[in-house]
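Q: show me the folded form of this:
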Amino acid sequence: MKHESESDCCAPGRPAGEARTPPPGAAAPPAAPGPGPGVRLAGGEFSMGSADALAYPADGEGPVRRVEVGPFTIDAHCVSNARFRAFVEATGHLTDAERYGASFVFGGLLPEDFPPTRAVAAAPWWREVLGADWRHPEGPRSGLAGREDHPVVHVSWRDAAAYCAWAGRRLPTEAQWEYAARGGLEQQPFPWGTELRPGGRHRMNVWNGTFPDRNTREDGYLGTCPVDAFEPNGYGLYNMTGNVWEWTADPFEPGPPAAGAARALRGGSYLCHASYCRRYRVSARMANTPESSTGNIGFRVVAAAP
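A: Here you go, the predicted model:
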């Protein structure tokens with residue numbers, strides 16, 4: 001199930017089509033919940049992408065181009081464990097991680113006496129942990145106590161799409177996501193402006209210290225944080241960078257997606273650090289296969305503007 005690529009350091013993935021059981025069905029979902037905590041955005045034209053010399057050319061952030069998006073509503077937060085639990089209880093959905101029987105976990109979150117597991121060769125801090133899934137983020141001995149308001153993780157693009165079908169929502173396009181993440185600012189690297197820590201204040205959940213061996217937790221967290229931690233951006237949206245990578249609707253490569261084609265993720269995660277993964281910026285992007293799941297990937301949803 002191991003798959004290695006240039007973005008394995010950020011979030012390893014499964015090869016497309018590597019399924020041990022049939023994929024989740026697309027049967028008509030049971031009753032959907034009421035509206036989520038959506039923020040209506042008017043849309044408009046903005047400069048998408050980045051010409052940052054420190055960006056990763058293979059990621060395709062550039063060139064900077066003018067893009068227009070229509071009005072839409074986006075959730076202020078990522079989907080939390082509590083909200084995902086409601087979906088699972090209503091539908092009986094089985095996630096890809098549960099079907100595969102394993103998912104990828106950052107080794108620094110595992111207890112010292114955790115049994116040896118297979119690592120990703122290109123990024124040995126990633127461990128393939130049997131029994132890791134959204135209910136058990138660090139494997140069978142872990143749970144969600146105290147993390148109901150944290151973003152759900154170990155969810156694949158297919159799991160996110162199934163949630164959207166139930167909730168009457170959809171995943172944002174990359175353009176919608178970046179427009180929202182910028183919070184009304186033009187060509188700034190972060191949702192709040194140019195400085196990583198304006199006035200010395202931490203504004204997002206990323207790695208602090210020396211990766212991957214020492215995290216000082218100066219921002220207050222080692223793993224995920226609550227979906228409403230830190231100050232929101234100018235549009236009232238939380239954690240648009242850091243905390244967890246977020247699935248989008250779009251294929252990573254331009255054009256109509258082929259079956260199993262990698263999908264684009266945005267926003268970076270709690271594991272991002274300037275020494276190896278400076279992807280905690282609003283223009284940064286990463287690819288992963290639709291079946292893939294890790295402990296630092298989640299999602300938020302959008303809807304048509306009322």
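Q: going forward, measure contacts between C-alpha atoms and count neighbours the same way
A: Fine.
Q: ranges for the strands of the protein?
A: Along the chain, counting by DSSP state E, strands occupy 38-41, 44-48, 65-69, 72-75, 102-106, 118-120, 123-130, 209-210, 214-215, 245-251, 263-266, 285-288, 297-298, 302-304.
Q: need the helix or strand of the chain with the lowest average pLDDT.
A: None of the helices or strands of the chain scores lower by mean pLDDT, DSSP states H and E than strand 118-120, at a mean of 88.
Q: and that one, how far out from the chain's middle?
A: Put simply, strand 118-120 sits 21 Å off its chain's centre (Cα atoms, centre = their mean, to the nearest Å).
Q: hmm, back to that, can you list the strands of the chain in CSV and add distance to A82 and mean neighbour count?
A: Below are the strands of the chain laid out as CSV (distance: least, Cα to Cα, whole Å; neighbours: other Cα atoms under 10 Å):
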stretch, distance to A82, mean neighbour count
strand 38-41, 17, 18
strand 44-48, 33, 16
strand 65-69, 31, 13
strand 72-75, 15, 22
strand 102-106, 20, 27
strand 118-120, 30, 17
strand 123-130, 23, 21
strand 209-210, 31, 13
strand 214-215, 27, 14
strand 245-251, 17, 26
strand 263-266, 22, 24
strand 285-288, 25, 26
strand 297-298, 13, 27
strand 302-304, 18, 19
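Q: reformat these as a markdown table; add distance to G234.
A: Output for these, formatted as a markdown table (distance: least, Cα to Cα, whole Å):
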| stretch | distance to G234 |
| --- | --- |
| strand 38-41 | 11 |
| strand 44-48 | 15 |
| strand 65-69 | 17 |
| strand 72-75 | 14 |
| strand 102-106 | 32 |
| strand 118-120 | 38 |
| strand 123-130 | 34 |
| strand 209-210 | 28 |
| strand 214-215 | 29 |
| strand 245-251 | 19 |
| strand 263-266 | 18 |
| strand 285-288 | 21 |
| strand 297-298 | 22 |
| strand 302-304 | 18 |
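Q: nothing else from me, thank you.
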